[in-house]
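In: Below are the sequence and a predicted model for it; my questions follow.
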Amino acid sequence: MPVLAPEIGLNAFSEKVPARPVLFRPNVAAILLNMDNEMLIAERAHIRGSWQFPQGGVDSGESLEEALLREVEEEIGVKARQIQILDRKSGYRYEFPKDRLKYGVYGGQEQVYFLCRFLGHDQDINIDTKHREFGRWRWLKPEKFDLDWVPKFKRDVYRRVLRDFFGIER
């Protein structure tokens, strides 16, 4: 028979109650390559020095490709006709820091990355969007990407993406 701790009324030998499982928000990310095989990275508008790929959540009823094209247009103004999907890889996950929840339920994101050829011109890229996420953007050779530009909780994903798409080990 279990021994009860009278001052708190709990089983003195009870196991720790497992934490609630983390729910991951479905997300897509675009690695856009120009004709020189440089990838587009953009700096967060309100976090200086934080660079990332255009990315965002998948809406209910939306395919991954539809979400990708919508997010790229919303974040950097690039139209679907200016993108050619070359490859895609899934299984990238990260948890938000400090028990932060997105929309009150998601403790992280599960991402599908798309490698895309950008068929447009630099002037087609417009970060001055309705809900501006980026302050500036640039083209960069994949091997020049610095993981210190990414928040710590996302670095493992970026490390894996650079390896999986470009063979770069960090």
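Out: Now that the structure is in, tell me what you want to look at. Note that the structure is a prediction, hence the values are computed from the model and not measured. Residues are numbered from 1 along each chain as shown.
In: End to end on stretch 101-110, go ahead and measure it.
Out: The straight-line separation of the ends of stretch 101-110 (CA to CA, to the nearest Å) is 14 Å.
In: Which of the three states applies to residue 161?
Out: Classification of residue 161 by DSSP: H, G, I helix; E, B strand; the rest coil places it in helix.
In: neighbours of it, just the number please.
Out: 22 (other CB atoms under 10 Å). In short, each C-beta sits where N, CA and C put it, glycine included.
In: Now it. Nearest residue, chain neighbours left out?
Out: residue 113 (5.5 Å; CB to CB, 6 or more residues apart in numbering).
In: shaky segments in this protein?
Out: Applying pLDDT under 70 to the chain picks out residues 1-21, 103-104.
In: where exactly do the helices run in it?
Out: With DSSP state H, the ranges of helices along the chain come out as 64-76, 155-166.
In: Residue 170 reaches residue 162, doesn't it?
Out: Yes: Residue 170 lies in contact with residue 162 (CB atoms under 8 Å); the separation is 6.3 Å.
In: More neighbours: these two, which one.
Out: The neighbour comparison of residue 170 against residue 162 (other CB under 10 Å) goes to residue 162, with 19 against 12.
In: which one is the more buried one nearest to, not counting chain neighbours?
Out: residue 168 (4.3 Å).
In: again with residue 74
Out: Nearest to residue 74 is residue 129, by CB to CB, 6+ apart, at 6.2 Å.
In: Could you pull up phi and psi at the one you found?
Out: The phi and psi values for residue 129, taken as degrees, to the nearest 10, are phi -100, psi 170.
In: quick one on the thing from earlier: what number of residues lie near the residue nearest to residue 162?
Out: 15.
In: contacting residues around it?
Out: Residue 168 makes contacts with 142, 143, 145, 162, as judged by CB atoms under 8 Å, 6 or more residues apart in numbering.
In: Touching, the second one and residue 165? I think so.
Out: It refers to residue 143. No: with contact defined as CB under 8 Å, residue 143 does not count as touching residue 165 (11.8 Å).
In: So between these two, which is more surrounded?
Out: For residue 143 versus residue 165, neighbours defined as other CB under 10 Å are more numerous around residue 165 (19 against 10).
In: Would you agree that one is in contact with residue 92?
Out: No: the criterion here is CB under 8 Å, and residue 165 misses it with residue 92 at 11.0 Å.
In: shared neighbours of these two, anything?
Out: residue 113.
In: any chance you could map the strands in this structure?
Out: 4-5, 10-11, 23-33, 39-44, 51-52, 55-57, 83-95, 106-118, 134-140 (DSSP state E).
In: looking at the ones you listed, which is closest to residue 63?
Out: Residue 63 sits nearest to strand 23-33 of all the strands of the chain, at 9.8 Å, using CB to CB.
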